[in-house]
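Chemist: Sharing a model that was predicted from the sequence below.
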Amino acid sequence: MVQLKAYGRALIKTHLTVTKIVDGDGLIVQNIFNQEEEEIRLIGIDAPEIKKSRKLLQDERETHLPGELLLELGIRSKDFLSSVVPVGSIVTIQMEKKHCYDSYGRTLAYVFLKDGTCVNETMIKEGYAKPYSRYYCEALPFFQNMHLTAKTTKAGLFNTTTSF
């Protein structure tokens, strides 16, 4: 289990409230003190898309699955994330110093619930996301092992397909 600990040099932000679930690997949080919002991309994971986009076309080519199925899987992934970290939840984020932001300016982070559960890990372990290596993270090898287990046991989305 990924722990709230420094992987090399890490930045930690606390006192954040989830205001919106964007998709299966993204959410928006608000600092409870200054009310500033920040879009978080869960580092190290990738979930299917929830709307037509260039990334959906790329996923269709790579997985050989139809876009409509991928969109349905994306909605299921988003719904699962909403059940794990509902709007209004208080979370802590941890960013790796070397990889704080993606090319869209979103914060790349591990998201932790009050009880210490790592949301990124839960999404992979339960089969609603897969490891994503475009932005390397220290937990990637761990996520890859959990991904194999989720596929083997047909957890989450793997109950519908073997790849997404």
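Modeler: In hand now; what should we look at?
Chemist: Please work out which residues outside the longest helix belonging to the chain touch it.
Modeler: If you go by DSSP state H, the chain has its longest helix at helix 67-84. Under the contact criterion C-beta atoms under 8 Å, 6 or more residues apart in numbering, helix 67-84 has outside partners 21-25, 27, 47-52, 56-57, 59-60, 63, 113, 117, 119, 122-123, 126, 128-129, 156-157, 160-161, 164. All C-beta atoms are positioned from the backbone trio N, CA, C, and that covers glycine.
Chemist: ok, and for that helix, which residues are buried?
Modeler: Buried residues in helix 67-84, counted by 16 or more other C-beta atoms under 10 Å: 70-71, 73-78, 80-81, 84.
Chemist: Out of the residues you listed, the closest to residue 43 would be?
Modeler: residue 81 (14.4 Å; C-beta to C-beta).
Chemist: what about that closest one, distance to residue 48?
Modeler: As defined by C-beta to C-beta, to the nearest Å, residue 81 lies at a distance of 12 Å from residue 48.
Chemist: next one: residue 82
Modeler: 15 Å.
Chemist: thinking again about what came up before, which other helices and strands contact the next helix or strand after the longest helix of the chain?
Modeler: Later in the chain than helix 67-84, the nearest helix or strand by DSSP states H and E is strand 90-96. Strand 90-96 is packed against strand 10-23, strand 107-112, with contacts defined by 3 or more C-beta pairs under 8 Å, 6 or more residues apart in numbering; DSSP states H and E.
Chemist: looking at those strands, which is buried most?
Modeler: When the helices and strands packed on strand 90-96 are scored by mean count of other C-beta atoms under 10 Å, the highest mean neighbour count falls to strand 107-112 (a mean of 24).
Chemist: Return the distance of it from the chain's centre.
Modeler: Remark: strand 107-112 is offset 8 Å from the chain centroid, using C-alpha atoms, centre = their mean, to the nearest Å.
Chemist: what do you get for stretch 22-36?
Modeler: Counting by C-alpha atoms, centre = their mean, stretch 22-36 comes out at 13 Å from the chain centroid.
Chemist: what kind of secondary structure is residue 30 in?
Modeler: strand (DSSP: H, G, I helix; E, B strand; the rest coil).
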